[in-house]
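Visitor: Okay, here's the prediction I keep looking at, along with the sequence it came from:
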Amino acid sequence: QVQLVESGGGSVQVGGSLRLSCAASGSSFRLNVMGWYRQVPGKQRELVAEVTSGGETNYADSVKGRFTISRDNAKNTVYLTMNSLIPEDTAVYYCNGLSPPTSWGAVYKYWGQGTQVTVSS
């Protein structure tokens, strides 16, 4: 059973920085895509950033230029460095991972438990 364990959330003032980490364990394979989503109460979970095993990245427009996603394939770990934080970044951040496709084409999605990020002015 694949488990994603997040760390690094917390409270910070406007303009501050945080770094989130997410380590995957329990898998015999490398996760194809790893990423970060966030959710605030009453809203849908939204993609923040994702990175493939080959290093290709994708960012939400709202975080481009401020957030950087990276991964260490050897450790099956993904990081999210968040700079110039603003109150609108306040949310629960969830780590996400996608398995490589099985021989029958199935792809499995995994989620971490979430970590709170709070940005105060």
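Guide: Happy to help now that I have it.
Visitor: What average pLDDT does the helix or strand containing W36 get?
Guide: Assessed by DSSP states H and E, W36 sits inside strand 33-39. Averaged over strand 33-39, pLDDT sits at 97.
Visitor: same thing with stretch 61-72?
Guide: Stretch 61-72 carries an average pLDDT of 97.
Visitor: The helix or strand following the strand holding W36 to strand 33-39, inter-axis angle?
Guide: Using DSSP H and E, the helix or strand that directly follows strand 33-39 along the chain is strand 46-52. Put simply, strand 46-52 runs at 170 degrees to strand 33-39, going by axes from the mean of the first three to the mean of the last three CA atoms, to 10 degrees.
Visitor: Distance from strand 46-52 to the middle of the chain?
Guide: 6 Å (CA atoms, centre = their mean, to the nearest Å).
Visitor: So in that sheet, which strands flank it, and in what orientation?
Guide: The pairing partners recorded for strand 46-52 under DSSP bridges are strand 33-39 (antiparallel), strand 57-59 (antiparallel).
Visitor: In contact with V40, which residues are there?
Guide: 90-92 (CB atoms under 8 Å, 6 or more residues apart in numbering). For glycine as for every other residue, the C-beta is placed from the backbone atoms N, C-alpha and C.
Visitor: which strands and helices sit next to the helix or strand encompassing G97?
Guide: Taking DSSP H and E as the criterion, G97 maps to strand 91-98. Under the contact criterion of 3 or more CB pairs under 8 Å, 6 or more residues apart in numbering; DSSP states H and E, strand 91-98 touches strand 3-7, strand 18-25, strand 33-39, strand 77-82, strand 109-111, strand 115-120.
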